[in-house]
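Undergrad: turn this into a model:
(one chain, ligands or ions: 1)
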Amino acid sequence: MSAMRTEDAADGKSTANGGGVVCQEGGVTVLRPTDLSEMLAAGTKEVHEKAENTEFVKDFLRGRIRKELFKLGHVALYFTYSAMEEEMERNKEHPDLAALYFPHELHRRDALARDLQYFYGEDWQDQISHSPATQRYVERIQQIGRDQPALLVAHAYTRYMGDLSGGQVLRKVAQRAMKLPPTGEGLNFYQFDGIHSAKAFKQLYRSRMNELELDSHTKQKIVEEAVLAFQFNMEIFGELEEVGKSLQDDVLDAAPVHGAHGEMQGDISQCPYYAAKMAASGGSSYICQMAMSMLKNPSGQVILAAWIAALAGLAAWYLM
Ligand code: HEM
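TA: The predicted structure is shown next:
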């Protein structure tokens, strides 16, 4: 958390409070974060939800992954990360970026190149090209790399923090759905060999972002750029959805996954985080669906009975 401070709000009335600024806006008191990491999390919340709800991402999480689309998604990522990492490399001594330069831990270009070689063969470079949305994303990254390097923070945040947040789940889903080797070929993108704990690294990255000496205007520009970065990603998802419509339905019925989520039956909906999220957003129908699927097998029946007994016990205790 950065020190508290006072900043001018839109209507000129603000006071310091903790890690944010208390502003009076139209008679309403609002607390605005001043730490860049919090500004980014708050400022991209809405667009993050939109990205989560794109058909391409939802299908991916359900394990409905067509290999052709996965490959094209990887091509888009390859061009995007190549541009981003090239600009980060060129600007690595820039004071607004230097603290976020983690080539060994984060850079994905080489991992993506290995994946593309696996999917397309030795001459993979001759077989790939920029899609229109990828081209626009890449051009934006190159432009800000030249003219406003501080805004690269937004692109690095959007991709790397996202990859570190969901990578392991996506890796398992992709491996199982496309029946890729468990040894990781084709999935190097999701493997951060230089990072022991994604959680700890994200904390470090957030504190590095907060320590950058940026004025409030630049921080605001970075948040706006991050929203744009999410939109570029969604445009690519949209393109992939369109390509998907013209492909034959080659979704694979997946075998159970063992590993990151233990003995789950290979279904992302059984990931505890995903279940909690769906229950929170999807309401009762999802809970009913889950209960029905539990009732279908004997161990599920025992677990469900135990839950009901525990809930009844809690209710009795509360009412006593
Ligand atoms: C259904 C799809 C998605 C789910 C379920 C999901 C879930 C999550 C979760 C649970 C976190 C919080 C992790 C933590 O605090 O440690 C997170 C963070 C993040 N995600 Fe996603 N995400 C999805 C899609 C995306 C996409 C498509 C992008 C961008 C292209 C993205 C970018 C980010 C970023 C930048 C963060 C870091 C937020 C912060 O801590 O400031 N996510 N995501």
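Undergrad: could you tell me which residues of the chain lie near the ligand?
TA: 40-41, 48, 51-52, 57, 61, 157-158, 161-162, 165-166, 202, 230, 233 (CB under 6 Å from any ligand atom). For the C-beta atoms, the positions are set from N, CA and C on the backbone; glycine is no exception.
Undergrad: quick one, what contacts residue 144?
TA: 87, 151, 152, 155, 225 (CB atoms under 8 Å, 6 or more residues apart in numbering).
Undergrad: so what pLDDT did it get?
TA: At residue 144, the model reports a pLDDT of 98.
Undergrad: mind checking the SS state of it?
TA: helix (DSSP: H, G, I helix; E, B strand; the rest coil).
Undergrad: what ranges do the strands span in the chain?
TA: For the chain, the strands defined by DSSP state E cover 14-17, 20-25, 28-33.
Undergrad: okay, the second one in PDB with CA atoms only?
TA: Coordinates of the C-alpha atoms in strand 20-25 are reproduced here as PDB (Å, rounded to 0.1, in the frame of the first residue of the first chain):
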ATOM      1  CA  GLY A  20      -7.100   5.900  -1.100                       C
ATOM      2  CA  VAL A  21      -8.600   9.300  -1.600                       C
ATOM      3  CA  VAL A  22     -12.100  10.200  -0.200                       C
ATOM      4  CA  CYS A  23     -13.900  12.300  -2.800                       C
ATOM      5  CA  GLN A  24     -17.200  14.100  -2.700                       C
ATOM      6  CA  GLU A  25     -18.900  13.500  -6.000                       C
END
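Undergrad: buried stuff in that strand?
TA: Residues 20, 21, 22, 23 are the ones in strand 20-25 that count as buried (16 or more other CB atoms under 10 Å).
Undergrad: make a PyMOL selection of the buried ones in the residues of the chain next to the ligand.
TA: The following PyMOL line selects those of those that are buried, judged by 16+ other CB under 10 Å:
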select buried, resi 40+41+48+51+57+61+157+158+161+162+166+202+230+233
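Undergrad: mind listing what the residue lying closest to residue 237 once chain neighbours are set aside touches?
TA: Spatial nearest neighbour of residue 237, excluding adjacent residues (CB to CB, 6 or more residues apart in numbering): residue 56 at 3.9 Å. Taking CB under 8 Å, 6+ apart, we find residue 56 in contact with 69, 237, 238, 240, 241, 244.
Undergrad: how many neighbouring residues does the last one have?
TA: The one in question is residue 244. Residue 244 is flanked by 17 other residues according to other CB atoms under 10 Å.
Undergrad: okay, it: pLDDT?
TA: With respect to pLDDT, residue 244 has a value of 95.
Undergrad: okay if I get the strands of the chain as JSON lines plus mean pLDDT?
TA: Shown next, in JSON lines, are the strands of the chain (pLDDT from 0 to 100):
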{"stretch": "strand 14-17", "mean pLDDT": "48"}
{"stretch": "strand 20-25", "mean pLDDT": "80"}
{"stretch": "strand 28-33", "mean pLDDT": "84"}
